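Colleague: Below is the structure, and that's it, no one-letter string:
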């Protein structure tokens, strides 16, 4: 029997999550005997609970295709984690109510490991609440910290942004270093896993190239060794480029970004690793330095997206539909890397039980002995993920955004307060 | 008689200053009866004083052409301002010595208003020290604060980076705003002039679009009005995007970026306007916010350069050569905007006396009444400068850098200590 599908975006967005949405919606249209309409949840799972559904069938094909070029999460995202089914049955019963009211038989949830957990819980509805649903989680995170999958859609583009920015900024500081700035610090995301900081290594064409220091959350920060490392980089190159993960911690296990500023001001958001390190370098080494914090820029920079990453993002969307109509439940389409020297990949289903709430950190085998760098093994892993450019169309000098209608589906149920 | 040329880069670099160098070197090759070799000064005027000259004739044509795609200053830059001729004749005599030793009759200095001052002083050598030299300053600055010229090469590309980044990040925060981040702050350069912050207005397709607040150094910061403005933006849109110039000052005339942090830590570099505002918003409005500081990224982002800006950068390099061989001295090729609705421009010489040390701020007539925005007049001025894309070649996922030989010219004189 023909059922409608629910699709939603969850957690921090990426520059290619809408490409997954686009591919999924277009693929669903190819299976009209099995899938009716695709309803997008407004703001993730909240959209399902609140019955806030967007009817994607009202959009033109060209509008759906244009999502491939649009960063952010076009249907809105959320950071809400469902409680366990036996602890909060009310929420799940509401989901079933909404699914029934709108004849929804497919549930697609596009997110990271928290979202995989939510998707896993929803997949239990079939068994526990006796409502047949095919629940597929779709991977997405710039953090690249999902288990099982070789990499995560969204990461490759952030990595390309970071490598490109590191290269460009290093040429800038190099030219200024004789009479002005000697040190440049770029702060990147990755609170718990150093994948994004590691990707800055791809800026190098030879070993001595910038970045000269990479600070990873997996390595405890050692101030003296760090300062010595800067001195020797400047001695060798005349300047020093540092890429630091926002999640770098000191020996006490505190984030550097918070350690100094919290005591003085009483609030933790002033910080940032980059200004912390800048202050340290100014104080201890008396070196002129500049710093940059990429923050949302790195995960929304669709203009410098990786073509490979974009292809991954589309493929997981397409396979999610294929798995759902095959009757799968509680799985995620993951990216499997082929063996052999040339980069190849394919998509394969994996159980959400292995993915939900698991965090894949940068392995020790990828980190240099002194802890301030990643090695060739890491570079070999990372390199293929940033290959290829996939520029969006521009209009009036900025990326062109096609207008979407975002038509709400008429509500049939009473209001839900989250 | 055939003379060699000296070319150097000065002050903060841009993503297209090497495009000017490239165009100048290629143009000089077209005038072999008048110009011999082009010697590039290593690190600006320092290269002339130290007799650190790079022989650009040793580079392949393809290497010179590749400079159009390379950000930073390939020959090195400096922040050194020459003293007045009558106050430090020694320096000028040294210059003449170096010029004589290497048969240099053309002096090209690529920089901002400080550099125009240096170029003007060097142009006086002809008259004061009786050494014939044709001195041409070439405009370059992301700050866009040079007088006479309609705009400055380097600015359009930084503006395109800022407008694109503001648009992309605004889509990110918009999708997160329901359950997470409500405010995003982007800090951009422009210590004294708000051109770069103003260019974020180009991210808008309609009036309500982000950025919702632009903080300019030309407008005194009013904390209460600022906080009210955020509240009303969130009421209207659900989120608020702020673009702040690093040079925003409070009523006492102090930079916001320094006002709080200096007192507590005793060093001024920890700050940054963005973390300052973030802290303020957290404390006073209790709103979750994110912030980014572009710093060098915005002035080195060659991957998102404006084609129009790139064309300007090349044109000023070409015209500098034309003016020099016509025998001009103490001038700068400036960009003149045509009248009429379609954007047109041409290059024209202007006297350095009108340009040196003058700082062109954002005019009052470009700023909205409440001081938190720029108006249509500003947008009309800014818009044409970011039009067109000019992507560099990529290799292995990052911008391709062609190797340069950078062969030093053999020194003929004794060492010079600056």
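Modeller: Sure, I can see it. Quick caveat, the model's predicted, so the values are computed rather than measured.

Colleague: for residue A:335, phi and psi?
Modeller: For residue A:335, the backbone dihedrals (degrees, to the nearest 10) come out as phi -100, psi 120.

Colleague: How about the contacts made by it?
Modeller: Shown in contact with residue A:335 (CB atoms under 8 Å, 6 or more residues apart in numbering or on different chains): A:139, A:149-153, A:312, A:315-316, A:345-347. For every residue, glycine as well, the C-beta is placed using N, CA and C.

Colleague: For those residues, which two are the farthest from each other?
Modeller: Maximum pairwise distance in these, criterion CB to CB, is 15.7 Å, between A:152 and A:346.

Colleague: Who has more neighbours out of the two?
Modeller: The residue with more neighbours, out of residue A:152 and residue A:346, is residue A:152; 28 against 12, by other CB atoms under 10 Å in any protein chain shown.

Colleague: which ones are touching that one?
Modeller: A:112, A:139-146, A:335.

Colleague: which other residues reach stretch A:216-223?
Modeller: By CB under 8 Å, 6+ apart, stretch A:216-223 touches A:190-194, A:197-198, A:215, A:245, A:247-251, A:256, A:280, A:361-362, A:364, A:367, A:371-372, A:374.

Colleague: How much space separates the residue of the stretch 101-250 of chain A found nearest chain B from residue B:413?
Modeller: At 3.0 Å from chain B, residue A:171 is the closest residue in the stretch 101-250 of chain A, using CB to the nearest CB. Taking CB to CB, to the nearest Å as the measure, residue A:171 falls 30 Å from residue B:413.

Colleague: mind checking pLDDT for residue A:266?
Modeller: You'll see residue A:266 listed with a pLDDT of 42.

Colleague: quick one: the strands in the stretch 301-418 of chain A?
Modeller: A:331-337, A:345-351, A:394-395, A:398-399 (DSSP state E, counting those that start in this stretch).

Colleague: Now do the third one, average pLDDT.
Modeller: Spelled out, it's strand A:394-395. 98.

Colleague: That strand near chain B anywhere?
Modeller: Yes - counting by CB under 8 Å from any CB of the partner chain, chain B is contacted by strand A:394-395 at residue A:394.

Colleague: Each with direction, which strands does that strand pair with?
Modeller: Applying DSSP bridges, strand A:394-395 is found paired with strand A:398-399 (antiparallel).

Colleague: And for the second one?
Modeller: Sheet pairing of strand A:345-351 (DSSP bridges) gives strand A:331-337 (antiparallel).

Colleague: If you count neighbours, what's buried in the partner strand?
Modeller: By neighbour count on 16 or more other CB atoms under 10 Å in any protein chain shown, the buried set for strand A:331-337 is A:331-335.

Colleague: mean confidence for it?
Modeller: 98.

Colleague: Quick one: distance of it to the chain centre.
Modeller: 15 Å (CA atoms, centre = their mean, to the nearest Å).

Colleague: Flag the shaky bits of chain A, pLDDT-wise.
Modeller: For chain A, residues meeting the criterion pLDDT under 70 lie at A:259-271, A:418.

Colleague: just checking, what's the longest helix in it?
Modeller: helix A:155-176 (DSSP state H).

Colleague: Let me know the next secondary structure element after that helix.
Modeller: Using DSSP states H and E, the helix or strand that follows helix A:155-176 in sequence is strand A:183-188.

Colleague: just the angle between that following strand and helix A:155-176, please?
Modeller: Orientation of strand A:183-188 against helix A:155-176 (axes from the mean of the first three to the mean of the last three CA atoms, to 10 degrees) gives an angle of 170 degrees.

Colleague: List the strands paired with strand A:183-188, with their directions.
Modeller: Strand A:183-188 has these strand partners (DSSP bridges): strand A:240-245 (parallel), strand A:289-293 (parallel).

Colleague: Point out the most buried one among these.
Modeller: strand A:240-245 (a mean of 30; mean count of other CB atoms under 10 Å in any protein chain shown).

Colleague: ok, and what's touching it?
Modeller: By CB under 8 Å, 6+ apart, the list of residues contacting strand A:240-245 from outside reads A:162, A:166, A:169-170, A:173, A:182-191, A:194, A:196-197, A:200, A:210-217, A:230, A:233-234, A:273-274, A:277.

Colleague: Skipping adjacent residues, who's closest to residue A:115 in space?
Modeller: residue A:10 (3.9 Å; CB to CB, 6 or more residues apart in numbering or on different chains).

Colleague: where do the helices sit along the stretch 1-150 of chain A?
Modeller: Along the stretch 1-150 of chain A, counting by DSSP state H, counting those that start in this stretch, helices occupy A:17-29, A:45-49, A:61-66, A:89-101, A:113-123, A:125-128.

Colleague: buried ones in the shortest one?
Modeller: I take that to be helix A:125-128. Buried, per 16+ other CB under 10 Å, within helix A:125-128: residue A:125.

Colleague: what's the answer for the third one, then?
Modeller: Neighbour-count burial for helix A:61-66, counted by 16+ other CB under 10 Å, picks out A:63-66.

Colleague: any chance of these in JSON lines, with distance to residue B:28 too?
Modeller: Converted to JSON lines, the buried residues of helix A:61-66 look like this (distance: CB to CB, whole Å):
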{"residue": "A:63", "distance to residue B:28": "51"}
{"residue": "A:64", "distance to residue B:28": "53"}
{"residue": "A:65", "distance to residue B:28": "48"}
{"residue": "A:66", "distance to residue B:28": "46"}
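
Colleague: Report the closest residue of the stretch 1-150 of chain A relative to chain B.
Modeller: For the stretch 1-150 of chain A, CB to the nearest CB, closest residue to chain B: residue A:72, 3.0 Å.

Colleague: Any of the contacts of strand A:240-245 buried? List them.
Modeller: Buried among the contacts of strand A:240-245 (16+ other CB under 10 Å): A:162, A:166, A:169-170, A:173, A:182-190, A:194, A:196-197, A:200, A:210-217, A:230, A:233-234, A:273-274, A:277.

Colleague: picking that back up, of residue A:171 and residue B:413, give the one with the bigger neighbour count.
Modeller: residue A:171 (24 against 13).

Colleague: Apart from its neighbours in sequence, what residue is nearest the more buried one?
Modeller: residue B:72 (3.0 Å).

Colleague: Enumerate the residues of the stretch 101-250 of chain A near chain B.
Modeller: A:160, A:163-165, A:167-176, A:178-180, A:184, A:186, A:202-203, A:205.

Colleague: roughly how far is stretch A:292-305 from the heart of the chain?
Modeller: Worked out by CA atoms, centre = their mean, stretch A:292-305 lies 11 Å from the chain centre.

Colleague: what's the burial count for the closest residue to residue A:305 other than its chain neighbours?
Modeller: Closest residue to residue A:305 apart from its sequence neighbours, by CB to CB, 6+ apart: residue A:157 at 4.1 Å. Taking other CB under 10 Å as the neighbour definition, residue A:157 ends up with a count of 33.

Colleague: Residue A:157 contacts residue A:308, correct?
Modeller: No - using CB atoms under 8 Å, residue A:157 is not in contact with residue A:308, being 9.1 Å away.

Colleague: any residues in contact with both of the two?
Modeller: Contacts common to residue A:157 and residue A:308, judged by CB under 8 Å, 6+ apart, are residue A:386.

Colleague: Now stretch A:241-257: buried residues?
Modeller: Applying 16+ other CB under 10 Å to stretch A:241-257 flags A:241-249, A:255-257 as buried.

Colleague: Give me the domain ranges for chain A.
Modeller: In terms of domains, chain A is parsed into A:3-141+A:305-358+A:390-399, A:155-300 (source: automatic domain parsing).
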